[in-house]
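Novice: Sequence first, then the predicted structure, then my questions.
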Amino acid sequence: MVLEGIHLSYREVSVLNGVDLELRPGITALLGVNGAGKTTLMNIAAGSLRPDRGLAAVVGQAVYRSRSRRRALRHVAMMPQGSSFPGNLTAHETVRYIAWMRGMPPHVTAGAATDALDRVGLAAESSRKIRRMSGGMRRRVALAQAIVSSPSLLLLDEPSTGLDPEQRHGMVALVRQLGGTVLLSSHVMEDVRDLADRVLVLHRGSIRFDGTVAELERYGSDGNNRATEEGFLAVINDGPR
Ligand SMILES: Nc1ncnc2c1ncn2[C@@H]1O[C@H](COP(=O)(O)OP(=O)(O)OP(=O)(O)O)[C@@H](O)[C@H]1O
């Protein structure tokens, strides 16, 4: 995916102010303080929020041009921060419905939903109703609905939020196995260290850092390695305000 010159304001408040970014295969972590605009950027990449200016394109298809939008959206899926699925549907019905919504042919949706639930470790729970599932299980259903259409770009918005340490560990293991191009936002530095091939820091409307975890840990420290969090803080306290 390519994002070029992305600008977005909510009313008069500017949130993204010229984001340029190319996402490549592997796991890219998106960091930023609360309110930095991570979810906003992900929604733009996912096709659900049109930027005021700029280009978002996946596999060469512009997401916000009517001619290419449908083709582009076939390649992108998002696991949102808080997914509220209808409680009366089973996990399988939920994932199957979303597969159909994404334009998958009806005869393949059932099998695709079964596979996706299997990949997230919910094969045995696929006929359980959502309202009878724990928070951790619901997060896995949210991941299953994102991967069901085999997107080339997967957007994961704080996938481990609200999970206990064991469930977080399970989520990290799942994300590691996904393959393709993954953009993951997180406040959990352990997730970033465990998963990210590349780290981006979004601050005051643009990307202020683009490098590896090791490079972030060395940022502004004369070559000494520090905690990931310290590198992150050095980036956001650096440069033009
Ligand atoms: N629909 C909206 N209308 C007005 N302002 C909004 C809207 N959505 C988000 N904002 C504001 O835009 C800014 C960026 O929000 P966003 O949710 O993208 O940040 P974030 O980096 O994902 O934050 P967090 O880490 O807390 O999830 C925030 O100041 C937020 O209050």
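Specialist: Arrived safely, thanks for sending. On a predicted model such as this, the values are computed, not experimentally measured, just so you know.
Novice: Mean confidence (pLDDT) on the host helix or strand of Met137, please.
Specialist: Assessed by DSSP states H and E, Met137 sits inside helix 135-147. Taken as a whole, helix 135-147 has an average pLDDT of 92.
Novice: Would you mark the buried spots in stretch 221-229?
Specialist: By neighbour count, and taking 16 or more other CB atoms under 10 Å as the criterion, the buried residues in stretch 221-229 are 226, 228. For the C-beta atoms, the positions are set from N, CA and C on the backbone; glycine is no exception.
Novice: could you give the angle of the least confident helix or strand in the chain by mean pLDDT to helix 135-147?
Specialist: The element with the least model confidence among the helices and strands of the chain, by mean pLDDT, DSSP states H and E, is helix 165-176, at a mean of 88. Following axes from the mean of the first three to the mean of the last three CA atoms, to 10 degrees, one obtains 10 degrees for the angle between helix 165-176 and helix 135-147.
Novice: just how off-centre is whichever helix or strand comes after helix 165-176 within its chain?
Specialist: Heading C-terminal from helix 165-176, the first helix or strand you meet, by DSSP H and E, is strand 181-185. Taking CA atoms, centre = their mean, to the nearest Å, the mean C-alpha location of strand 181-185 is offset from the chain mean by 5 Å.
Novice: what packs against the helix holding Met137?
Specialist: When contacts are defined as 3 or more CB pairs under 8 Å, 6 or more residues apart in numbering; DSSP states H and E, helix 135-147 sits against strand 76-79, helix 91-101, helix 106-119, strand 153-157, helix 165-176.
Novice: Lowest average pLDDT across the ones you listed?
Specialist: Of all the helices and strands packed on helix 135-147, mean pLDDT reaches its minimum on helix 165-176 (a mean of 88).
Novice: near the ligand, which residues of this protein?
Specialist: 10, 15, 32, 34-40 (CB under 6 Å from any ligand atom).
Novice: As TSV, those residues with pLDDT and neighbour count would be great.
Specialist: Supplementary listing: the residues of the chain next to the ligand in TSV, determined by pLDDT from 0 to 100; neighbours: other CB atoms under 10 Å:
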residue	pLDDT	neighbour count
Tyr10	96	9
Val15	97	19
Gly32	96	22
Asn34	94	6
Gly35	94	9
Ala36	96	21
Gly37	97	25
Lys38	96	23
Thr39	96	21
Thr40	97	19
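Novice: domain ranges for the chain?
Specialist: Domain assignment for the chain by automatic domain parsing gives 1-75+153-210+236-241, 85-150.
Novice: Looks to me like Ser83 is in a helix.
Specialist: No - under DSSP: H, G, I helix; E, B strand; the rest coil, Ser83 sits outside any helix and is assigned coil.
Novice: Before I go, just wanted to say thanks for your time.
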